[in-house]
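K.L.:
Turn this into a model:
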Amino acid sequence: MINQEFLASGGLDFTISKQKMYTEASNMTDYDETQFYATIRNDNKKSLGCVTDRYVVKQNKDLLDTVLTKIGEGNYDLSKSKCGAFKGGKKVFFFIKINNKVDFGQEMADSYIYAISSHDGSARLTFGISTELHSCSNMFSVLMADKDNSHTVKHTKAIEQIVNDKSIDDLISRNTKGLSRIMINMQGTEVKQGFINQILDLVGRVDGKKVLEASREKRTLLAESIKEECKMKGNDYYGVFNGVTHYLTHKVRERQTEEWFDFNLNGKGSSITTSALKLIVKQMKEDGVCLN
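P.N.:
Numbers count the residues shown, from 1 in each chain. This is a model prediction of the structure:
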């Protein structure tokens with residue numbers, strides 16, 4: 001698959017222009033120039049956002065070229081990768097399958113480089129590494145600072161200088177090794193009584209007399225996922241964690257089809273993943289499990 005075909009497969013075969021914004025003058029017959037610009041999709045002429053003169057447009061083609069250059073030729077497979085846009089093109093993502101696999105002990109996990117950017121000025125260009133649809137950089141932030149596990153660049157002149165930055169190579173190595181160690185330690189450690197309730201609270205609490213029906217339903221779906229995964233993976237923290245990601249990548253997708261990818265990689269789902277891992281790591285430490 002060539003780059004242009006890949007972009008077209010995800011609806012990213014459009015370009016963006018930056019156009020000066022004007023306001024109606026006080027005399028109602030003229031227009032005054034402003035200090036702002038609008039980012040416009042050139043194919044449908046729709047405005048995506050309001051930006052300043054410092055904002056640098058990075059076309060989807062150039063974003064993809066940058067990601068692939070940083071990964072390195074021969075180290076990825078576009079035919080097994082994904083890309084797409086949210087909110088009419090205001091945000092775009094790339095999810096590129098790389099040859100590295102992460103050793104989870106019970107299984108080898110496929111890994112991906114993700115890149116998230118925006119054409120409305122709301123988000124910086126961010127690179128990270130993840131397994132299938134949940135971010136390792138978010139999970140690994142339990143053990144070290146976020147800045148060490150993702151690579152973020154503003155849409156200013158600095159964005160033109162990132163091709164030669166090799167930090168993504170270190171990011172891949174650091175995250176895959178660290179995540180592998182955590183996942184292997186989760187296996188064989190039986191879950192303490194009552195711990196599952198702490199995980200279920202991440203999607204909906206049941207404190208007090210009133211319980212929202214939506215919260216009850218989310219808890220039921222998450223509990224079903226945890227039960228299914230523990231049956232297959234083992235009644236341990238690894239099974240519980242897989243239950244959380246199963247819920248986020250399967251049950252949520254059934255209910256929230258339009259932006260479920262962004263939900264899991266960059267939104268509420270990502271926060272749930274991070275919180276679940278924090279709870280597991282905390283409990284394992286209390287259980288006396290060595291995490292090194």
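K.L.:
and F195, what are its phi and psi?
P.N.:
For F195, the backbone dihedrals are phi -70, psi -40 (criterion: degrees, to the nearest 10).
K.L.:
Just give the closest residue to it, not the sequence neighbours.
P.N.:
Q283 (5.8 Å; Cβ to Cβ, 6 or more residues apart in numbering). The C-beta positions use only the backbone N, C-alpha and C, and glycine is treated the same way.
K.L.:
Dump the C-alpha coordinates for the strand or helix carrying the one you found into CSV.
P.N.:
Assigned by DSSP states H and E, Q283 belongs to helix 268-286. In CSV, the C-alpha atoms belonging to helix 268-286 read as follows (Å, rounded to 0.1, in the frame of the first residue of the first chain):
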residue,chain,number,x,y,z
LYS,A,268,-11.8,9.2,28.8
GLY,A,269,-10.9,5.6,27.9
SER,A,270,-7.2,6.5,28.2
SER,A,271,-7.8,8.0,31.7
ILE,A,272,-9.6,4.7,32.7
THR,A,273,-6.7,2.7,31.4
THR,A,274,-4.2,4.8,33.4
SER,A,275,-6.3,4.7,36.6
ALA,A,276,-6.8,0.9,36.3
LEU,A,277,-3.0,0.3,36.0
LYS,A,278,-2.3,2.7,38.9
LEU,A,279,-4.7,0.7,41.1
ILE,A,280,-3.2,-2.6,40.1
VAL,A,281,0.4,-1.4,40.7
LYS,A,282,-0.6,0.0,44.1
GLN,A,283,-2.4,-3.2,45.1
MET,A,284,0.5,-5.4,43.9
LYS,A,285,3.0,-3.4,45.9
GLU,A,286,0.7,-3.8,49.0
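K.L.:
Buried residues in that helix, which are they?
P.N.:
269-270, 272-277, 279-281, 283-284 (16 or more other Cβ atoms under 10 Å).
K.L.:
average pLDDT across that helix?
P.N.:
Mean pLDDT, helix 268-286: 85.
K.L.:
now for that helix, which elements pack on it?
P.N.:
strand 134-135, helix 136-140, helix 167-186, helix 195-200, helix 237-246, helix 260-266 (3 or more Cβ pairs under 8 Å, 6 or more residues apart in numbering; DSSP states H and E).
K.L.:
Just give me the lowest mean pLDDT stretch among those.
P.N.:
helix 136-140 (a mean of 41).
K.L.:
where's L78 relative to A123, distance?
P.N.:
According to Cβ to Cβ, to the nearest Å, L78 and A123 sit 23 Å apart.
K.L.:
Sorry, wrong one. I was asking about T245.
P.N.:
Counting by Cβ to Cβ, the gap from T245 to A123 is 23 Å.
K.L.:
quick one: which of those two has more around it?
P.N.:
Neighbours were counted for T245 and for A123 using other Cβ atoms under 10 Å; T245 has more, 21 against 16.
K.L.:
The helix holding Q283 to helix 167-186, inter-axis angle?
P.N.:
Angle, helix 268-286 to helix 167-186, by axes from the mean of the first three to the mean of the last three Cα atoms, to 10 degrees: 50 degrees.
K.L.:
starting at the chain centroid, how far to helix 268-286?
P.N.:
Distance, stretch centre to chain centre, for helix 268-286: 16 Å (Cα atoms, centre = their mean, to the nearest Å).
K.L.:
What distance do you get for I113 to D120?
P.N.:
23 Å.
K.L.:
Over to E228?
P.N.:
Counting by Cβ to Cβ, the gap from E228 to D120 is 39 Å.
K.L.:
Scan the protein for its longest strand.
P.N.:
When the chain is parsed with DSSP state E, its longest strand is strand 91-103.
K.L.:
quick one: which of the buried residues of helix 268-286 is nearest S180?
P.N.:
Comparing those against S180 with Cβ to Cβ places L277 closest, at 13.9 Å.
K.L.:
Let me know whether the closest one touches Y238 as I believe.
P.N.:
No: between L277 and Y238 there is no contact under Cβ atoms under 8 Å: 11.4 Å.
K.L.:
in the next helix-or-strand element following the longest strand of the chain, what's buried?
P.N.:
Using DSSP H and E, the helix or strand that follows strand 91-103 in sequence is strand 108-118. By 16+ other Cβ under 10 Å, the buried positions in strand 108-118 come out as A109, S111, Y112, I113, Y114, A115, I116, S117, S118.
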